[in-house]
Structures are given as C-alpha cells and as structure tokens.
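> Model the structure of this input:
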Amino acid sequence: MEKNKIVVVGAGPAGMMAAIRAAEVGQQVTLIERNSRPGKKLLLSGKGRCNLTNTCELGAFLRRFSRNGEFLRDAFRKFFHQELIQFFEKRGLKLKVERQLRVFPVSNRSNSILEVLKKELSNNKVKVIYKARMKDVFIREQKVRGLLLEDSRVIPADKIILATGGASYSFTGSSLDGINLARKLGHQIVELRPGLVPLETRQNYPRLLEGLTLKNIRLKFSDFKKELISEIGELLFTDFGISGPLVLSLSGEIADWLKISNNIFVEIDFKPALSAEQLEARFLREFNENPKKTMKNILKGFLPQRMVKVFIEIAKINPDKKTSQITQEERRRMIKLLKGFRLDILRTRPLEEAMVTRGGVSLKEINPRTMESRLVPGLYFCGEMIDVDADTGGFNLQAAFSTGYLAGESAAL
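Model prediction:
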C-alpha cells in the first residue's frame with residue numbers, strides 16, 4: 001500500500017516528535033527546518049540543561065497553564081510525562097527528577113535530548129531539509145496537496161503539520177511563518193503576547209545590582225486594587241529590572257495588568273519566614289549583643305553583601321552608625337523595607353526576548369483529539385504556535401512533545 005506523504009514544518013521539540021511518530025506509524029515523512037540545524041531553542045531550555053517535563057499528577061500539571069490547559073487532556077492522555085520519560089530512557093538516555101518534580105537528563109546537557117531526537121529521525125528515515133523556509137500551502141478540493149518553499153520548490157503532501165513555534169526567542173529562528181499562514185488560511189489568531197519574560201523597573205537600583213540573585217524571598221505585585229503574591233523562591237536583578245523564576249512565573253499576568261494600568265509595583269519580602277515583630281526582636285537582640293558594630297555590618301547578616309549599600313541608601317541610614325545609636329524610627333524603617341522593598345514596573349521586555357509566546361492559533365479551530373484544523377482538513381498544529389502556555393518547570397516542553405506526538409500519530413493514521 002502506498003504511504004501517505006506527511007510534511008512537518010519546524011524542527012523544534014514538537015516538530016521532531018511529530019515527524020518521529022508519523023514515521024514510526026509507517027508513513028513517508030519530510031521535516032522542513034529554516035535553520036541549518038534542529039532544536040536551537042531546545043538547547044536553551046532549563047539554562048542549557050533541558051527541563052523536559054515535570055512528574056506532578058495530571059490535575060496539578062494542567063493548573064500550571066495560564067489558561068486553556070484543559071485543551072491538552074487528550075494529548076496528555078495519549079503521551080504524558082511517563083511516556084516521554086520512557087521514550088528517552090528506552091533509547092539509552094538516563095534522566096533524573098530534581099526539586100519541584102522537574103525532570104532533567106543526568107548529563108545536565110540539553111544536547112543529550114537533541115541527540116536522541118536526531119538519531120530517531122534518522123532511524124525512522126525522516127527526510128530532513130534544512131535552510132528551507134515555508135511560503136505557502138497548496139489546497140485543492142478542500143484537501144492539502146503540498147507545500148511551497150520560498151525557493152519555489154514544491155514538496156508534495158497528503159498531510160501537513162505546522163510546528164513553527166511562536167515569536168519568542170526570535171534569535172533561535174522562531175518566526176511568524178506558521179502563524180501568518182494559519183491566518184491566511186482563515187484561522188483566528190489570539191493576540192501574541194510575551195510569557196515567562198523579565199520586567200523593566202522605573203528605579204535604577206537593579207542596574208547597580210545586576211547579576212545578584214536573591215534567594216528565599218517572596219514577591220507581592222499590586223496595582224493598588226488587586227494583589228498577586230508569589231511563592232517563596234528566587235529573583236535576579238538585571239540591567240533593566242528584574243527576572244528569575246518568581247518574576248517569570250507571574251510575568252504573563254503582569255503583562256495583562258500592564259495593558260490596563262501603569263501603576264503596577266512589586267514589593268520584595270526579603271524575610272518571608274519572619275513577621276515584622278520577629279524581625280524587630282532579632283534586630284534588638286543583634287543591637288544588644290553588638291552595640292559598637294556598624295549598621296552596614298549588622299545588615300550583612302540579613303542581606304547579600306551587594307544589597308546592603310543600596311538598602312541603607314534607600315532606608316536613609318548612615319552606614320557607619322553604631323547599632324547603639326540607631327533610633328526606633330530608623331529601626332522600623334529598615335524592618336518595613338525588609339518586608340516590602342518596592343520597585344515600580346514599567347513594562348515587560350519585548351516578546352522576542354520572552355521564553356514562550358502566549359496566544360497563537362485559536363483552540364476553537366483545532367480538534368483536541370487529533371490536533372487537526374477544523375477549517376482545513378489535513379492541516380495540523382502543535383507546539384508553541386497554538387494558544388497554550390504554562391509556568392516554568394517543564395510544562396511547556398511536555399505540551400510541545402505531547403501535541404507533536406498526537407499530531408504526528410493522527411496525521412499518519
């Protein structure tokens with residue numbers, strides 16, 4: 001029996017998995033990639049270590065998506081973290097589960113994941129065409145017939161899977177090719193917005209502290225009407241503002257707030273495990289035990305050393321003042337600042353610098369059981385170009401692998 005011709009566009013995690021699965025089922029698969037090599041964005045995942053999934057249970061997993069997580073139930077039912085882990089371990093790659101149930105290769109190298117995927121593409125005889133950019137899709141009699149490349153080559157196709165990603169991390173080759181084509185074919189595109197993105201601040205303190213990571217802190221974002229409180233975790237100061245896991249996790253919601261308000265601020269609680277009263281008691285104890293110690297030296301026990309100078313300046317305390325000379329008002333000022341170091345939020349960094357793209361092809365026009373377009377038979381979507389996005393921790397990559405697997409299998413069958 002003649003094999004179906006399946007063309008996958010985009011050699012990221014979703015596209016590679018779609019191509020592998022379609023080929024496993026026995027179809028003739030061609031994978032198109034505009035870069036000279038696959039998986040450029042994958043190599044950056046997990047700070048180069050590749051946090052490929054998370055082992056939390058399904059309900060908790062779906063709740064880590066900003067919205068629309070329920071759309072992924074069918075994809076996760078077909079191919080979830082258990083199957084993804086087995087996929088790599090069966091092919092000789094050892095994995096490990098770290099804190100917060102995040103899964104990494106034992107090698108701590110994203111390239112280990114990529115090498116397995118490349119080998120599987122080869123083993124399943126997937127034809128990969130690099131440095132090729134999609135221009136259009138041929139549709140005749142309401143059926144997909146082929147793909148037109150920018151260099152005028154035509155790739156015959158019975159089914160086409162688009163896995164071209166969003167607009168984030170554009171330097172890796174992410175483009176709007178797939179989004180623009182989907183729009184041209186009549187699909188609704190939910191506005192593209194940055195997700196998992198650093199924030200710019202009005203104050204210049206972050207620039208003075210660039211590269212400093214604060215650990216075991218809590219953030220409280222507010223616009224004077226509502227509040228968004230983080231878990232306890234880490235924050236990173238940058239030359240333009242703030243980043244790090246806590247900021248990235250809440251940045252999507254802050255981006256939405258910024259559309260309707262320019263009065264958003266964040267307060268850093270340096271000591272979330274201690275109340276203001278407990279902090280005051282600790283200060284008094286330190287002062288009594290070290291009456292001749294300077295305030296800048298006392299604060300080194302409360303804050304990272306690089307933070308002390310900025311903190312004292314904002315608190316308007318003489319850094320060389322002895323603890324025995326500190327007034328009650330000065331003490332309370334420092335306690336208030338330790339529990340609520342404020343920064344005003346100006347904007348998010350651009351979408352091109354975001355880790356993920358929020359928005360994309362509307363889920364109303366995609367069959368969740370197959371990932372096939374409801375408008376164009378034979379056209380499938382997967383990965384970041386569809387309107388789903390999640391928190392950090394392996395959730396976005398699992399969604400890419402799962403939707404890719406489901407699209408590949410559905411197209412092949």
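
> When you work out contacts or count neighbours from here on, use the C-alpha atoms and nothing else.
Will do.

> where exactly do the helices run in the stretch 251-400 of the chain?
Assigned by DSSP state H, counting those that start in this stretch, the helices in the stretch 251-400 of the chain fall at 276-289, 295-299, 305-315, 328-339, 395-412.

> Name the residues of stretch 41-56 that are buried.
41-46, 49-55 (16 or more other CA atoms under 10 Å).

> thinking Lys296 is in contact with Lys322, fair?
No - counting by CA atoms under 8 Å, Lys296 stays clear of Lys322, with 9.1 Å between them.

> who are the neighbours in contact with the residue lying closest to Gly378 once chain neighbours are set aside?
Residue nearest to Gly378 in three dimensions, not counting chain neighbours: Lys159, with 4.7 Å by CA to CA, 6 or more residues apart in numbering. With contact set as CA atoms under 8 Å, 6 or more residues apart in numbering, Lys159 has these partners: 4-7, 144-145, 378-380, 411.

> Show me what Lys159 is bridged to.
Ile6 (DSSP bridges).

> max-length strand in the chain?
The longest strand of the chain (DSSP state E) is strand 213-222.

> Can you name every helix or strand that the next helix-or-strand element following that strand contacts?
The helix or strand immediately downstream of strand 213-222 is strand 227-229, counting by DSSP states H and E. Counting contacts by 3 or more CA pairs under 8 Å, 6 or more residues apart in numbering; DSSP states H and E, strand 227-229 packs against strand 213-222.

> Pairing partners for the strand it packs on, with directions?
According to DSSP bridges, strand 213-222 forms sheet pairs with strand 227-229 (antiparallel), strand 233-237 (antiparallel), strand 264-269 (antiparallel).

> out of those strands, which comes closest to Phe104?
Nearest to Phe104, of all the strands paired with strand 213-222, is strand 233-237, at 19.7 Å by CA to CA.

> quick one: contacts of the closest one?
Residues contacting strand 233-237 (CA under 8 Å, 6+ apart): 206-207, 209-218, 242-247.

> Starting from that strand, tell me the next helix or strand along the chain.
Following strand 233-237 in sequence order, the next helix or strand is strand 241-243 (DSSP H and E).

> Distance from the chain centre to that following strand, please.
Chain-centre distance of strand 241-243: 15 Å, with CA atoms, centre = their mean, to the nearest Å.

> so what strands line up beside it?
Under the criterion DSSP bridges, strand 241-243 sits next to strand 199-201 (antiparallel), strand 233-237 (antiparallel) in its sheet.

> Contacts for stretch 52-70, please.
Outside stretch 52-70, the residues that touch it by CA under 8 Å, 6+ apart are 45, 72, 81-82, 97, 100-104, 252, 387-391, 393-398.

> Any of the residues you listed buried? List them.
Using 16+ other CA under 10 Å as the burial test, the contacts of stretch 52-70 include 45, 72, 81, 102-104, 252, 387-391, 393-398 as buried.

> From what I see, Tyr130 and Thr30 are in contact.
No - using CA under 8 Å, Tyr130 and Thr30 do not qualify as a contacting pair, with a distance of 10.7 Å.

> More neighbours: those two, which one.
Taking other CA atoms under 10 Å, Tyr130 and Thr30 do not tie; Thr30 has more neighbours (23 against 16).

> Was I right to think that one contacts Val7?
Yes - if you go by CA under 8 Å, Thr30 and Val7 touch, sitting 4.8 Å apart.

> Quick check: neighbours shared by the two?
Ala19.

> separation between Glu24 and Lys339?
As defined by CA to CA, to the nearest Å, Glu24 lies at a distance of 56 Å from Lys339.

> got it, and Met307?
The value you get for Met307 to Lys339, if CA to CA is used, is 14 Å.

> which of these two has more neighbours?
The residue with more neighbours, out of Met307 and Lys339, is Lys339; 21 against 18, by other CA under 10 Å.

> Show me the domain layout of this protein.
According to automatic domain parsing, the chain comprises the domains 5-194+353-412, 198-348.

> which of the ones you listed is buried the deepest?
Greatest average neighbour count among the domains of the chain goes to domain 5-194+353-412 (a mean of 21), per mean count of other CA atoms under 10 Å.

> can you give me the end-to-end distance of that one?
9 Å.

> what does stretch 362-370 give?
End-to-end span of stretch 362-370 (CA to CA): 15 Å.

> same check, this time on stretch 334-349
Stretch 334-349 has an end-to-end distance of 31 Å (criterion: CA to CA).

> What of stretch 128-144?
By CA to CA, one end of stretch 128-144 lies 20 Å from the other end.

> how far out from the middle of the chain is that stretch?
With CA atoms, centre = their mean, you get 29 Å for stretch 128-144.

> who touches it?
With contact meaning CA under 8 Å, 6+ apart, stretch 128-144 is reached by 9, 30-37, 145-151, 157-160, 177, 181, 376-379.

> Please apply the same query to stretch 241-258.
Against stretch 241-258 from outside (CA under 8 Å, 6+ apart): 66, 193-201, 204, 206-207, 213, 219, 230-237, 264, 347-348, 358, 391-392.

> thought Lys41 was touching Gly12?
Yes - counting by CA under 8 Å, Lys41 touches Gly12, with 7.1 Å between them.

> the bottom helix or strand of this protein by mean pLDDT?
Every helix and strand in the chain was compared by mean pLDDT, DSSP states H and E; the lowest is helix 45-48, with a mean of 81.

> Just after that one, pick out the following helix or strand.
The helix or strand immediately downstream of helix 45-48 is strand 53-54, counting by DSSP H and E.

> What's the mean pLDDT across the helix or strand following that next one?
Along the chain past strand 53-54, the next helix or strand (assigned with DSSP H and E) turns out to be helix 58-63. Helix 58-63 shows an average pLDDT of 95 in the prediction.

> where does the residue nearest to Gly378 sit relative to Val376, distance-wise?
Distance, Lys159 to Val376, by CA to CA: 10 Å.
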